[in-house]
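Undergrad: Predicted model, plus sequence, below.
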Amino acid sequence: MNKAELTNAVSDKTGLTKKDTDATISAVFDVIENALSTGDKVQLVGFGSFEVKHREARVGRNPKTREQISIPASKSPVFKPGKALKESVNK
């Protein structure tokens, strides 16, 4: 499901216009993105949580040449599904 399909599905379920629904969905994504960029965790009870994980710098290996390379530290957004979401997917 892409964003347009999500917008259509939410619009059908709520009765809002597609324009209003798209604006709402975009606003939700922006708020989550801004919260994560400032280091906050976003928890949606029953659905899951979004947070930023820090990965330490490490030494890797180029699989083609077997040469060691340095992989810098990085931050990555992660999603951890909640119990209710896990149960509904595993039916």
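TA: Structure received. Numbers count the residues shown, from 1 in each chain.
Undergrad: secondary structure element for the residue nearest the centre of the chain?
TA: Central residue of the chain (CA atoms, centre = their mean): residue 79, 5.3 Å from the mean position. For residue 79, the host element (DSSP states H and E) is strand 74-81.
Undergrad: That strand: how far from the chain's middle?
TA: Strand 74-81 has its C-alpha centroid displaced from the chain centroid by 7 Å (CA atoms, centre = their mean, to the nearest Å).
Undergrad: list the buried ones in it?
TA: By neighbour count with 16 or more other CB atoms under 10 Å, strand 74-81 contains no buried residues. For glycine as for every other residue, the C-beta is placed from the backbone atoms N, C-alpha and C.
Undergrad: swap in stretch 9-28?
TA: Going by neighbour count (16+ other CB under 10 Å), the buried part of stretch 9-28 is 10, 11, 21, 22.
Undergrad: With stretch 49-65 instead?
TA: Result for stretch 49-65 [16+ other CB under 10 Å]: buried residues 50, 51.
Undergrad: State the mean pLDDT of it.
TA: Averaged over stretch 49-65, pLDDT sits at 95.
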